[in-house]
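> how would this look folded up:
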Amino acid sequence: MKKINVAAAPREIGSVFEWVVANLEGLALGALVAAGIVALMLVMRWIGHRIVASDPENFRWKGIIGRVLSKTTIFFMVAAAIDIVVSYTSIPPKLARLADILFIVAAAFQAAIWAREIIIGVVRSRVGDDPGASTLGNAMVIIRVLVSVALFAIAIIVILDNLGVNVTALVAGLGIGGIAIGLAAQGIFSDLFAALSIVFDRPFRRGDAIRFDNTTGTVERIGLKTTRLRSLTGEQVIMANTKLLEREIHNLQLASSRRIAAPFGVALDTAMDRLDRIAEVGEQAATSRKGCKFVRCVMVSLGSSSLNFELVWDDRSIDNNKLAENRSAILFELLKRLKSEGIELAVSAAAPAPPPPPPAAPAQA
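As a prediction, the model looks like this:
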């Protein structure tokens, strides 16, 4: 059985006491500085909690900063305080290195947490005021996991590099693995990045009326892979985000007005004095509806049986039902005023009757 050297204990205690006395001034100064910094971080953390508690759904810059401050960990504060105290005293190199390693680990993980909150906050602010109503808002958990994995992987690499570990092979391995995963899930990631592009660039938002190719509809959902629209005829149109962004998109919701053109034709034998009245009649018809502004009413072509005109106006309404209602009312008003002026609309010529069949050939004797 090993004997314990009881006499060594007083000598160790005495050496520690002598070290404390020798470094008393440095310890006091380091402790004072560390206490001040830790107190400042605690105050900032408390302010962050107050900001988040006062408005939990605030994802503007004030809310993002509040979330960042509230995520300051006690582990980081303790590690920072220890590193500060050690820097004001002379201790064995091994203990100093241990304090440095503790601070590097705490600082790397703390930086990853802060960066995660900033990135997630910016994405949430771009999703909209009601993120829970969209598929992309409900998928924030997936985005949070992806961002966390990426940031903490970087933090671990930084820690290992500061510990003297050769991370070149590790980084190369992660790069090859990332390329393999990216190639395997290329379609999924392309649609995911397309969805994030829609969120950040905002070519359209949920509720906007858009048109691409021959499709016009209202955006109902912006998902991670697809965007869903409700067309004018009632059916749901589902389009992959990547394919959608490759097309020319017309955002009808952002238009200050909609330009409407209505062609019509009048009889070829209409008198010249009445033709001069058509522009005024068209203006009166277009301005008969509130929110509609007359643009022009001019002759556009000469037909074989009609004189062709075009009435153009701007409608400030962006609702499709209201647009159709205004168009119908303006055309009725135009028809009524043309009749009151004695101007007849052109009638399409009837199709000519088919020629009679040829007579039958006489029978041969």
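
> and the helix or strand containing Thr242, what does it pack against?
Using DSSP states H and E, Thr242 maps to helix 241-245. Helices and strands touching helix 241-245, by 3 or more Cβ pairs under 8 Å, 6 or more residues apart in numbering; DSSP states H and E, are helix 186-201, strand 226-231. Any C-beta I mention is one placed from the backbone N, CA and C, and that applies to glycine too.

> and the last one, what's buried?
Of the residues in strand 226-231, those buried under the neighbour-count criterion (16 or more other Cβ atoms under 10 Å) are 226-229.

> please apply the same query to stretch 265-277.
Residues 265-266, 270, 274, 277 are the ones in stretch 265-277 that count as buried (16+ other Cβ under 10 Å).

> any idea how far the helix holding Thr242 is from the chain center?
How far helix 241-245 lies from its chain's middle: 14 Å, per Cα atoms, centre = their mean, to the nearest Å.

> could you do stretch 211-226 as well?
Taking mean C-alpha positions (Cα atoms, centre = their mean), stretch 211-226 and its chain are 14 Å apart.

> do stretch 249-259 as well
So, by Cα atoms, centre = their mean, the centroid of stretch 249-259 is 20 Å from its chain's centroid.

> with stretch 33-52 instead?
Computed by Cα atoms, centre = their mean, the chain-centroid distance of stretch 33-52 equals 33 Å.

> going forward can the numbers begin at 249, since that is how I track them
Will do, 249 is the new start, and the previous item becomes stretch 281-300.

> need the three-state assignment for the closest residue to Thr518 other than its chain neighbours.
For Thr518, ignoring the flanking residues on the chain, the nearest one in space by Cβ to Cβ, 6 or more residues apart in numbering is Ile591 at 5.8 Å. Per DSSP: H, G, I helix; E, B strand; the rest coil, the local secondary structure of Ile591 is coil.

> next one: Ile339
Ile339 ends up coil, using three-state DSSP.

> quick check, pLDDT for it.
As predicted, Ile339 sits at a pLDDT of 73.

> what number of residues are in the vicinity of it?
Using other Cβ atoms under 10 Å, Ile339 is surrounded by 15 other residues.

> with Val333 as the reference, measure out to it.
Per Cβ to Cβ, to the nearest Å, Ile339 is found 10 Å from Val333.

> Val286 now?
Here the distance between Val286 and Val333 works out to 11 Å (Cβ to Cβ).

> same check on Val543?
In this view, Val543 and Val333 are 78 Å apart by Cβ to Cβ.

> and if you look at Glu573?
When Glu573 is compared with Val333 (using Cβ to Cβ), they lie 77 Å apart.

> so which of the two has more stuff around it?
Val333 (22 against 13).

> isn't the more buried one right next to Ala276, touching?
No. In this structure, Val333 is not within contact of Ala276 by Cβ atoms under 8 Å, at 9.8 Å.

> what's the helix or strand for the spatially closest residue to Leu350 that is not a sequence neighbour?
Take Leu350 and drop its neighbours on the chain: the residue closest to it by Cβ to Cβ, 6+ apart is Ala327, 4.8 Å away. Using DSSP H and E, Ala327 sits in helix 322-335.

> swap in Phe351?
Using DSSP H and E, Phe351 sits in helix 341-375.

> next one: Thr466
Here Thr466 is covered by strand 463-470, with elements defined by DSSP H and E.

> and that strand with helix 434-449, angle?
Relative orientation of strand 463-470 and helix 434-449, computed by axes from the mean of the first three to the mean of the last three Cα atoms, to 10 degrees: 90 degrees.

> contacts only, for Gly311.
Listed by Cβ atoms under 8 Å, 6 or more residues apart in numbering, the contact set of Gly311 reads 299-300, 303, 305, 369.

> what residue ranges in the stretch 499-613 of the chain score low on pLDDT?
In the predicted model, the stretch 499-613 of the chain carries pLDDT under 70 at residues 596-613.
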